[in-house]
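Student: Have a look at this fold, sequence not included:
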């Protein structure tokens, strides 16, 4: 079905002339095809060759009125802030149920600006409620669906809400789009924001036609939604697309996720529960990059296509933790090694060459993105502290109390072969092209060399002697998961 989605509708792309001026979703002012940093990470083959970097793109789409579902969440609100800040006349209606992960405060910058606020409308509602959804679809010329119950841990505790939003809600949206196709005689554009987790745990970066092998209720619900989108594109001719994003991080992310949880807990001197050996590898994507990629696909993507959205490089979870502690000046003894969660995927990695060929690449280097994120949480305690009260206390008890009781301090041990006793050594240093585990030196066309077989140290992502605290023997290096897409 995934192959059908990426290919069957490609030849049916309608040609829509680009309109300019007020009321259109105009081209971004930044050139997203030219990243601000020169090096690349061979672990994430998201970089195109010089021939691919300037492809013959599909006709650029313009939209005067967008319906953004889940637009008060982490990635959705970044997308809304980005588009409305441009001031090109685009109007946006946000539909959000405002569950624990939806937060109107994420949209305060929009509501505080009179010009943006005049082009913005908020509707509180459920995407599974057709009485709410279908009238909103009748007013829009495109819909972007971020709405999702997004945290893997919560899907293990209670999966029903994930299916209601990720499957039934998507079905209501697609049925509404089908009705609009019949009424208007043309399809409104539908973009489903999905996750790299639908591919399951992988041994190497995967392309969009890889089989879907979800291993958690969250990922299974997202995969089901993707397949529904594919079926409506093929069966009914909907102008529908899917993006699958890497682990996303950045400002406004709910503190249940790895990075904001560890940052906010460290600020308060609370324990940092690190699952297992901490060597689960993720490709990290800054939230503003993710929002930019979704806009790019909305404008240029081919009908029926799927696009992976990779980050700027892979890192193991404990490498991320070591860098956060360094940025915060916090001690490593806050980290508690706790029993791993059931079915925890070891690695997510995306092949992003298809999106690079469409003209988009990530802009924010991981090291820069982490520094921005830590600074934001330090400066916005009034935003995150209310989220860590009330319902949060019960969630924390259910998710971590028993694990913390069974855990132990994460310290170096006597057995150097035991990865649990490796001790932190910071984020892996940058290496020349052709070496695994770090940033590749840019080749003339912007592509790093083929990765060599990594050494044992590179496989673990750690280098230098082990120690009881955050060792500083290695230089720090490197970028978003998801809100919806990609819990660590």
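Tutor: Great, that's in hand. Quantities reported herein were computed from a predicted structural model and do not represent experimental measurements.

Student: now the residue nearest to residue 349 when sequence neighbours are not counted: how far from residue 281?
Tutor: Sequence neighbours aside, residue 205 is the residue nearest to residue 349 in space, at 4.2 Å (criterion: CB to CB, 6 or more residues apart in numbering). Yep, even glycine has a C-beta here, placed from its N, CA and C like the rest. Separation of residue 205 from residue 281 (CB to CB, to the nearest Å) stands at 11 Å.

Student: before we move on, back to that, can you report phi and psi for the residue nearest to residue 349?
Tutor: phi -60, psi 140 (degrees, to the nearest 10).

Student: isn't it right next to residue 350, touching?
Tutor: Yes: the pair residue 205 and residue 350 passes the contact test of CB atoms under 8 Å, sitting 5.8 Å apart.

Student: In terms of neighbours, single out the busier of these two.
Tutor: Taking neighbours as other CB atoms under 10 Å, residue 205 and residue 350 compare with residue 350 leading, 29 against 24.

Student: what's the pLDDT at the more buried one?
Tutor: Looking at residue 350, its pLDDT stands at 96.

Student: I'd like the distance between it and residue 334.
Tutor: 31 Å.

Student: got it, and residue 272?
Tutor: Applying CB to CB to residue 272 and residue 334 gives a distance of 5 Å.

Student: now do residue 312
Tutor: In terms of CB to CB, residue 312 sits 27 Å off from residue 334.

Student: Comparing those two, which residue is more hemmed in?
Tutor: Neighbours were counted for residue 312 and for residue 334 using other CB under 10 Å; residue 312 has more, 32 against 20.

Student: For my notes, confirm the more buried one occurs in a strand.
Tutor: No: remark: residue 312 does not belong to a strand; assigned using DSSP: H, G, I helix; E, B strand; the rest coil, it is coil.

Student: didn't it look like it was pressed against residue 362?
Tutor: Yes: using CB under 8 Å, residue 312 is in contact with residue 362, at 4.7 Å.

Student: In contact with residue 215, which residues are there?
Tutor: 197, 200, 201, 343, 345 (CB atoms under 8 Å, 6 or more residues apart in numbering).

Student: buried subset of those?
Tutor: The neighbour-count test (16 or more other CB atoms under 10 Å) applied to the contacts of residue 215 identifies 197, 200, 201, 345 as buried.

Student: What is the nearest of those to residue 307?
Tutor: Nearest to residue 307, judged by CB to CB, of the buried ones among the contacts of residue 215 is residue 197 at 15.9 Å.

Student: Assign the closest one to helix, strand or coil.
Tutor: Under three-state DSSP, residue 197 comes out as helix.

Student: If we ignore the residues flanking it in sequence, what's nearest residue 170?
Tutor: Nearest one to residue 170, counting by CB to CB, 6+ apart, is residue 225 at 4.1 Å.

Student: Just the element for the one you found, please.
Tutor: Assigned by DSSP states H and E, residue 225 belongs to helix 217-236.

Student: avg pLDDT for that helix?
Tutor: 93.

Student: Listing partners with orientation, what would you give for the helix or strand that that helix is followed by?
Tutor: Next in sequence after helix 217-236, counting helices and strands by DSSP H and E, comes strand 239-245. In the sheet, strand 239-245 lines up against strand 189-195 (parallel), strand 306-309 (parallel) (DSSP bridges).

Student: Can you tell me the SS state at the spatially closest residue to residue 84 that is not a sequence neighbour?
Tutor: Using CB to CB, 6+ apart and skipping residues adjacent in sequence, the residue nearest residue 84 is residue 116, 4.3 Å away. What three-state DSSP gives for residue 116 is helix.

Student: Can you report how many residues lie near residue 116?
Tutor: Neighbour tally, residue 116, other CB under 10 Å: 20.

Student: Now do the contacts for it.
Tutor: Taking CB under 8 Å, 6+ apart as the test, what residue 116 contacts is 84, 85, 87, 109, 110.

Student: switch to 7 Å and redo it
Tutor: Going by CB atoms under 7 Å, 6 or more residues apart in numbering, residue 116 touches 84, 85, 110.

Student: Filter those down to just the buried residues.
Tutor: The neighbour-count criterion (16+ other CB under 10 Å) marks 84, 110 among the contacts of residue 116 as buried.

Student: wait, which of the contacts of residue 116 is closest to residue 356?
Tutor: residue 85 (25.4 Å).

Student: quick one: residue 104 and residue 73 touch, right?
Tutor: No: between residue 104 and residue 73 there is no contact under CB atoms under 7 Å: 10.9 Å.

Student: neighbour-wise, which of the two wins?
Tutor: Set residue 104 next to residue 73 and count neighbours by other CB under 10 Å: residue 73 wins out with 32 against 14.

Student: Can you tell me how far the more buried one is from residue 288?
Tutor: Counting by CB to CB - residue 73 and residue 288 are separated by 15 Å.

Student: how about the strands of the chain, start to end?
Tutor: 65-69, 91-96, 120-124, 142-145, 189-195, 239-245, 247-249, 272-275, 281-286, 306-309, 314-316, 335-338, 408-409 (DSSP state E).

Student: Can you name every helix or strand that the fourth one contacts?
Tutor: When contacts are defined as 3 or more CB pairs under 7 Å, 6 or more residues apart in numbering; DSSP states H and E, strand 142-145 packs onto strand 65-69, helix 170-184, strand 189-195, helix 287-300.

Student: Turn those into JSON lines, including mean pLDDT and mean neighbour count.
Tutor: Listed next are the helices and strands packed on strand 142-145 as JSON lines, based on pLDDT from 0 to 100; neighbours: other CB atoms under 10 Å:
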{"stretch": "strand 65-69", "mean pLDDT": "98", "mean neighbour count": "25"}
{"stretch": "helix 170-184", "mean pLDDT": "96", "mean neighbour count": "19"}
{"stretch": "strand 189-195", "mean pLDDT": "96", "mean neighbour count": "28"}
{"stretch": "helix 287-300", "mean pLDDT": "98", "mean neighbour count": "25"}
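
Student: Which among these is found nearest to residue 355?
Tutor: That would be, of the helices and strands packed on strand 142-145 and by CB to CB, helix 287-300, which comes in at 6.6 Å.
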